[in-house]
Structures are given as structure tokens and as C-alpha cells.
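>>> The amino acid sequence is not available; the structure is as follows:
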């Protein structure tokens, strides 16, 4: 493969990368920047996805169609589920993720083609491997974002329930306690509480809003908490007592998770210890003795 062809492929890959950065930079304004009237979150997300799909440049639109054709059946629902777990980032709707899958397919194939300079069977192998890796990279990024968000939600949930308990026992209603959590805390818990309040303000019952909260998260403790709240609402049980018991249980579970991680730590350290530290210790301790033995045997042979 000639140098001119390699440079041409590199230039094409660089142009696609610049286009990718330019499209990613076109993020919609957040509520902190522009004051917009409140609307149901689900309707807002559908509107954002539709407008984003319409605003895609022609090249990205074609790449999105290619990625959609190569994706397996039911991929759209799975992708939207993973985006829900990731908090539905405004800059990454489903249409843009599909477009970036197409970009990864093309750029991965070009990178593999540049690596396959020696010809032979690698001329076909490396582009295929690069295309597959580039095609699945956006999925990996979305999945990682969702897992990190669920971990943050699990960690912050006990503190949020403690604050709800204090607010309800101080005389506030459950909705006011949710508003206080959404206003005073940060992160996924505050965002979910704000969305829960928003959905109730726009006509959903408390039970429906809580079940929608469970559907867009994947935290076992949150499912248990929501089930307790729904039962308390349906059977007329005091919300304060439910929150108090759930707060105690959440603290116990958090302590148990910490103890479990502490018990797993020696097992996790064992493999790096065996593979990295022990060989170096053997070299340092036994190295001089081996050198002396070799010298001694050499003198005996002479």
C-alpha cells in the first residue's frame, strides 16, 4: 500500500473525526441556561429525539440508516432502555447513538485498513475487526454510563430517604419532602425526584409516577422502597413510619455492602500480589544467591 493511499485514508478519518466532534458539540441548551416552561418528561424526551433526528446532517443520517439496518431486531427498545438507565442525556438521544455507531463502523474499518499495510489475510481481517469494534463502542459507552448512574443512585438513596424521613416527621407532606430532596441534593437521586414531582404535577397519580420511576431504574433497594410506598398509599399506612423503617433498612444494607466489599478485597489483591510483587521479591532475594552459585560452580569447573 502506497504512502499516498495511507495519507488519504488518514485524512478521511480525520475529517470524519472532526465532523463527529462538531455534531457532538451541538448539544441543546439546559434548563440552567434557558428558562423554559415545564412539561412532562416523557413528552419532552420524545420531542428531543424527533428534533435531533431531523437535525442530523445528511451524512450522519445515512450512517444512522446503515447502523439501524445492521442492528438486530428489537435493538431500538434495548437502546432506549439503556438510555433510560443512563438518565437520557440530552446530547445522546437514540438517533445520535445510531449515527455514531455508523461513524464507528466506518472509522474502525479505515483504521483496520491502515493497520493492514502488509497485505495477505490481514488485509481483510483487520478492517473487519476494526469495523466491529467501532460499531459496538457507542453501546459500550451507553452501558457504562447507565451502570455508573445506577451505582450513584444506589449510594445516594439512603441519604435521600433520611432527608425525606426528617422532612415528613417535621410536618411536611410527601410531595414537599420530594421537592426538598430535589432542591438540596445533587446527582441522579435529585433528578429522579424532580422528574417524579413533574409527572405528578402533570396528571399522573402517585402510584403511576412511582412505577414509572421503577421502570427507568435498575436498583433493587429503590424497587423495594417504591413497593413499600405504593402499599402505604393504597392501604392508608402512615408515610412517616414507612420512611423510618426504610431508612433503617437502607443504612443496614449500605453497611452490609461495605462489609462485603471489604471481605472481597483480599481475594482481589491476591492475583496482583502473585503476578507482580512475588516475582520481584524472588528476583531481589534469590538473585544474589543464584549469581554466587553460578560463580562458585564456574570456579569449580576451572
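Arrived safely. Owing to the predicted nature of the structure, the values given are computational and were not obtained by experimental measurement.
>>> could you pull out the helices for the stretch 51-200 of the chain?
Using DSSP state H, counting those that start in this stretch, the helices of the stretch 51-200 of the chain run over residues 58-70, 75-85, 94-115, 122-169, 174-184, 188-201.
>>> Please identify the deepest-packed of those.
Among these, helix 94-115 has the highest mean neighbour count (mean count of other CB atoms under 10 Å), at a mean of 22. C-betas here are computed from N, CA, C, even on glycine.
>>> got the angle between that helix and helix 122-169?
With axes from the mean of the first three to the mean of the last three CA atoms, to 10 degrees as the basis, helix 94-115 and helix 122-169 are set at 150 degrees to each other.
>>> Tell me which other helices or strands helix 94-115 touches.
Judged by 3 or more CB pairs under 8 Å, 6 or more residues apart in numbering; DSSP states H and E, helix 94-115 is in contact with helix 3-24, helix 41-55, helix 58-70, helix 75-85, helix 122-169.
>>> pLDDT averaged over the first one, what's the number?
Read that as helix 3-24. Taken as a whole, helix 3-24 has a mean pLDDT of 46.
>>> gap between the residue nearest the centre of the chain and residue 137?
Central residue of the chain (CA atoms, centre = their mean): residue 145, 1.2 Å from the mean position. As judged by CB to CB, to the nearest Å, residue 145 and residue 137 stand 13 Å apart.
>>> pLDDT wise, what is the residue nearest to the centre of the chain at?
89.
>>> Any idea how many residues pack against the closest residue to it other than its chain neighbours?
Spatial nearest neighbour of residue 145, chain neighbours left out: residue 86 (4.1 Å); criterion: CB to CB, 6 or more residues apart in numbering. Other residues lying near residue 86 total 20 when counted by other CB atoms under 10 Å.
>>> Show the contacting residues for residue 255.
For residue 255, the contact set (CB atoms under 8 Å, 6 or more residues apart in numbering) is empty.
>>> And residue 156, by the same measure?
Counting by CB under 8 Å, 6+ apart, the residues that residue 156 touches are 185, 187-189.
>>> what do you get for residue 185?
Taking CB under 8 Å, 6+ apart, one finds 156, 159-160, 163, 193 in contact with residue 185.
>>> Mind picking the two most distant members of these?
Across the contacts of residue 185, no pair lies farther apart than 159 and 193, at 12.1 Å, counting by CB to CB.
>>> Include pLDDT and distance to residue 79 when you put the contacts of residue 185 into JSON lines, please.
Formatted as JSON lines, the contacts of residue 185 follow (pLDDT from 0 to 100; distance: CB to CB, whole Å):
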{"residue": "156", "pLDDT": "87", "distance to residue 79": "26"}
{"residue": "159", "pLDDT": "87", "distance to residue 79": "31"}
{"residue": "160", "pLDDT": "88", "distance to residue 79": "28"}
{"residue": "163", "pLDDT": "88", "distance to residue 79": "34"}
{"residue": "193", "pLDDT": "89", "distance to residue 79": "26"}
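>>> Which one of these is nearest to residue 282?
Closest approach to residue 282 among those (CB to CB): residue 156, at 45.5 Å.
>>> I'd like to know how far that closest one sits from residue 150.
11 Å.
>>> got it, and residue 232?
For residue 232, the distance to residue 150 (CB to CB) stands at 25 Å.
>>> which residues touch the closest residue to residue 167 other than its chain neighbours?
Nearest residue to residue 167, sequence neighbours excluded (CB to CB, 6+ apart): residue 177, at 3.8 Å. By CB under 8 Å, 6+ apart, the contact set of residue 177 is 163-164, 167-168.
>>> would you list the residues you listed in JSON lines and tack on distance to residue 80?
Below are the contacts of residue 177 laid out as JSON lines (distance: CB to CB, whole Å):
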{"residue": "163", "distance to residue 80": "31"}
{"residue": "164", "distance to residue 80": "29"}
{"residue": "167", "distance to residue 80": "34"}
{"residue": "168", "distance to residue 80": "34"}
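>>> Name the nearest of the residues you listed relative to residue 79.
For these, the nearest to residue 79 is residue 164 (32.7 Å; CB to CB).
>>> and the gap between the closest residue to the closest one other than its chain neighbours and residue 191?
Closest residue to residue 164 apart from its sequence neighbours, by CB to CB, 6+ apart: residue 177 at 4.4 Å. Going from residue 177 to residue 191 by CB to CB gives 16 Å.
>>> And residue 164, by the same measure?
Distance from residue 164 to residue 191, by CB to CB: 16 Å.
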